[in-house]
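> Structure, please.
(one chain, ligands or ions: 1)
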Amino acid sequence: PSSSSASSGYFLRCLSASIPSELVFTQSSASFTSVLASSIRNPRFSTPGTVRPLGIVTPTNASHVQAAVLCGRRHGIRVRVRSGGHDYEGLSYRSERPEAFAVVDLANLRSVRVNRARATAWVDSGATVGELYHAVAKRRPAFPAGLCPTIGVGGHFSGGGFGLLQRKYGIAVDHVIDAVLVDAQGRLLDKKAMGREVFWAIRGGGGESFGIVLSWRVRLVSVPPKVAAFIVPVSVNDGAVDVLTKWQEVGPALPDDLFIRVMVMNGVAIFQSLYLGTCDALLPVIRGRLPELGMNRSHCREMSWAESVLYVYVGSGQPIPVTDLLNRTFPMDSSNKATSDYVRQPIGRDVWAEIFAWLARPDPGIMILDPYGAQISAVPESATPYPHRGGVLYNIQYMNFWSAGNDEEPNVRWIRDLYAFMAPHVSKNPREAYFNYRDLDLGRNVVVGNVSSYEAGKVWGEKYFKGNYKRLALAKGKIDPDDYFRNEQSIPPLVRRS
Ligand code: FDA
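So this is what the prediction gives:
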């Protein structure tokens, strides 16, 4: 312990020598706790028992990020990077094991520079997707990424990034055309300098394993001036089980400009939709393909694409001003636990009836089903590290919430029990999972000889990345063979011996 506290001291001194002091917060700084809490989205990881960083750096330019990595390397202190702080297991700002580490928090690096003529943008990792959407939507381009406006671009893009435009345009990483990365040697690398394999890896393989991604160049996509959105709840008594059973095959086979997802909770399935067209054009499609939904003209609203993000996210049925996309502090004060599955064969009606019984148990959570098919499924599995493509009908997210301070045990048990129950009905060998819905129950790294074990990492790595796991490990072996950028689920380095 004495040598580790000595290296912590040297590390912090190194930081103060190279980064302006107002950007460095140590545990004894007056604002340490508020800076740490600024983007914590899961109070479960903000308790007296949470292993906190010994310092937080809030860089305002790339050289500060490089300096933090160089100080960390020199003094044997790892850094974790935080962009929007939404990690489900809090790995951007806490360690599960006792460990001295620091956080590089990118919240100050959040500009979005749009090139309208080329329909591209450079977006910094510390921007939220809401800030990105607000900046690009002014003259109608859009960008296909997640629904929740406060998610950080850094973590979201580096894990894949899907949302309402996924059937038309695929996911965020399908549109990344360049990036700037600080690697474990403190070098600043663009796409060319980082090399093909590393550029491939950061687009869905989890940025934190390869370095700190500062910015991303993306291709924008186009949407009509007005889109149509609807939210239709169907209760179990009104036939939710039947509509859901049918949706499983209809949802992934609809035209690519129509996306209908489902939130399933106690006693009700809520169908939420975005259509890249008018209500008049949408109605006959729904009446023809999913008449059981009982959707009519009064459910449908036309609005801009940017408005539709908030409309569906908030789900209140009321339009919300687009400036709310810029709100970085949407209240999110309940503790939560999540996990995910992919479904490749429709689940039987009787099983859905049982699932509704699970959702009616004490301390239940919710399920969110996002339909695949069309563009998201057309991209080959190895084009990006995100492998859940052809043949996937839909993704399931399971999530449970409870008030901070309440007993988490029954809530976490509910989700684990339902996950076990679902095993026969979802993808197998491997049972696929979404990296951005991180779940440490799927497995953790085992460190052997100060390097994460490639073999042990397969347990979780092949669920998130299927056959791409090995290629990710080889990319990691190239850019960070010493495993400096490491967390409980970072890609282990695989070094090819020649
Ligand atoms: P955070 O800062 O916590 O980082 C997450 C991980 O990425 C950490 O391991 C971190 O070290 C690493 N990282 C962050 N910035 C990095 C950088 N610049 N370079 C390298 N590594 C970096 N997903 C989705 O696809 N569609 C959706 O609609 C939603 N919706 C949603 C809603 C809510 C309320 C939550 C909490 C989460 C989602 N997600 C989601 C999941 C989301 O995509 C996932 O949590 C992202 O990793 C969040 O990125 P942040 O930057 O906010 O997280």
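> Counting neighbours, what do you get for residue 186?
By other CB atoms under 10 Å, 19 other residues sit near residue 186. All C-beta spots, glycine's among them, are computed from the backbone N, C-alpha and C.
> got the contact list for it?
Shown in contact with residue 186 (CB atoms under 8 Å, 6 or more residues apart in numbering): 66, 67, 69, 70, 73.
> Where do the strands of the stretch 301-450 of the chain begin and end?
334-343, 366-371, 394-403, 447-448 (DSSP state E, counting those that start in this stretch).
> how far out from the middle of the chain is the shortest one?
Offset of strand 447-448 from its chain centre (CA atoms, centre = their mean, to the nearest Å): 27 Å.
> my guess is residue 231 meets residue 272, correct?
Yes. The pair residue 231 / residue 272 is scored as a contact, 5.1 Å apart, by CB atoms under 8 Å.
> Mind listing the shared neighbours of the two?
With CB under 8 Å, 6+ apart as the test, residue 231 and residue 272 both reach 312, 315.
> Give me the more crowded residue out of those two.
residue 272 (21 against 18).
> Do you know the pLDDT at that one?
We note a pLDDT of 97 for residue 272 in this prediction.
> Output the helix or strand hosting residue 198 as CSV - backbone C-alpha positions only.
Using DSSP states H and E, residue 198 falls within helix 196-202. Extracted in CSV, the C-alpha atoms of helix 196-202 (Å, rounded to 0.1, in the frame of the first residue of the first chain):
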residue,chain,number,x,y,z
ARG,A,196,-7.2,-0.2,-40.2
GLU,A,197,-7.7,-2.7,-37.4
VAL,A,198,-7.8,-0.2,-34.6
PHE,A,199,-10.2,2.0,-36.5
TRP,A,200,-12.4,-1.0,-37.1
ALA,A,201,-12.2,-1.9,-33.4
ILE,A,202,-13.3,1.4,-31.9
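> who in this protein is up against the ligand?
41, 80-88, 91-92, 106, 125, 146-148, 151-152, 154-156, 158-163, 207-208, 212-213, 436, 487 (CB under 6 Å from any ligand atom).
> Out of those residues, list just those in helices.
Counting by DSSP state H, the part of the residues of the chain next to the ligand found in helices is 154, 155, 156, 158, 159.
> Give me the spatial nearest neighbour of the fourth one, chain neighbours excluded.
Just to be clear, that refers to residue 158. residue 207 (3.0 Å; CB to CB, 6 or more residues apart in numbering).
> can you pull the contacts of the one you found?
81, 125, 154, 155, 157, 158, 159, 181, 213.
> List only buried entries from these.
For those, a burial check counting by 16 or more other CB atoms under 10 Å picks out 81, 125, 154, 155, 157, 158, 159, 181, 213.
> Can you name the two of those residues that sit furthest apart?
Using CB to CB, the buried ones among the contacts of residue 207 span at most 15.4 Å, a distance reached by 159 and 181.
> hmm, back to that, can you lay out the strands of the stretch 301-450 of the chain as TSV showing mean neighbour count and mean pLDDT?
Output for the strands of the stretch 301-450 of the chain, formatted as TSV (neighbours: other CB atoms under 10 Å; pLDDT from 0 to 100):
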stretch	mean neighbour count	mean pLDDT
strand 334-343	22	97
strand 366-371	22	98
strand 394-403	20	97
strand 447-448	13	96
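> Take these and lay them out in JSON lines including distance to residue 478.
Below are the strands of the stretch 301-450 of the chain laid out as JSON lines (distance: least, CB to CB, whole Å):
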{"stretch": "strand 334-343", "distance to residue 478": "29"}
{"stretch": "strand 366-371", "distance to residue 478": "33"}
{"stretch": "strand 394-403", "distance to residue 478": "30"}
{"stretch": "strand 447-448", "distance to residue 478": "20"}
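> and the residue nearest to residue 158, what pLDDT?
Value listed for residue 207 in the pLDDT field: 91.
> What segments of the stretch 201-350 of the chain are helices?
Applying DSSP state H, counting those that start in this stretch to the stretch 201-350 of the chain gives helices spanning 240-250, 279-289, 305-314, 349-358.
> Just give me the neighbour total for the residue nearest to residue 410 when sequence neighbours are not counted.
Distances taken as CB to CB, 6+ apart put residue 363 closest to residue 410, at 4.3 Å, once the chain neighbours are dropped. The number of residues packed near residue 363 is 17, by other CB under 10 Å.
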